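S.K.: sharing a model that was predicted from the sequence below.
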Amino acid sequence: MNDMLRESLKVLLKETFEGPSGNGSWYTESKPGSGIFGTLEKVSAEEASIPVQGTTIAAHTDHTVYYLWMANTYMKGDKPELDWSKSWKIFSVDENTWSRFKVELQNEYTTLLENINSFTSLDQQTLNSILGSLAHSAYHLGAIRQMTKAVKIPSQT
């Protein structure tokens, strides 16, 4: 894979998941914690379970884990059986499940970066899978950030 393409993909994926580095950003808010991981860290299991327009932050998070797993599986050359509706059936999570979702998301993201680093060349399907993961993740980041505005429970301090 072209080194410039590889680095660009990693920069944009890192901004999506980890938030922007430095003082600027390519497309997210230029504040620390504005990526998926920083956003989810500020959301409790209770808040992640509050329905907004028929879905929850927990469902968006589980769906993000699911499609990253699918993309990573395809990149390894395997063809998984898919049930896209499965991840949207999450309505409520407890603290343990919510923590597990966030760990699984981190693991799939790390695997995606490892896959990108391992490729010496790309076929069209693999490149589409990587770019699709970036676009899909950016979409869910925006959805989750908007949902947090509706579910935030004031602290009791």
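M.R.: Nice, I can see it.

S.K.: residues contacting stretch 144-154, please?
M.R.: 34, 36, 39-40, 42-44, 46-48, 50, 52, 56-57, 60-61 (C-beta atoms under 8 Å, 6 or more residues apart in numbering). In this view, the C-beta of every residue, glycine as well, is placed from N, C-alpha and C.

S.K.: mind doing that once more with 10 Å?
M.R.: For stretch 144-154, contacts defined as C-beta atoms under 10 Å, 6 or more residues apart in numbering pick out 28-29, 34-36, 39-40, 42-44, 46-53, 55-57, 59-61, 64.

S.K.: now the buried members of these.
M.R.: Among the contacts of stretch 144-154, those buried by neighbour count (16 or more other C-beta atoms under 10 Å) are 28, 34-36, 39-40, 43, 47-50, 52, 56-57, 59-61, 64.

S.K.: so of these, which ones are in helices?
M.R.: Taking DSSP state H, the ones among the buried ones among the contacts of stretch 144-154 that sit in helices are 36, 39-40, 47-48, 57, 59-61, 64.

S.K.: which two among those are spaced furthest apart?
M.R.: Between any two of those, the greatest separation by C-beta to C-beta is 16.8 Å, found for 47 and 64.

S.K.: tell me the buried residues in the helix or strand hosting residue 146?
M.R.: Assessed by DSSP states H and E, residue 146 sits inside helix 124-151. Neighbour-count burial for helix 124-151, counted by 16+ other C-beta under 10 Å, picks out 126, 129-130, 133-134, 136-138, 140-141, 143-145, 147-148, 151.

S.K.: now swap in stretch 59-78 and tell me
M.R.: Along stretch 59-78, these residues count as buried under the neighbour rule (16+ other C-beta under 10 Å): 59-75.
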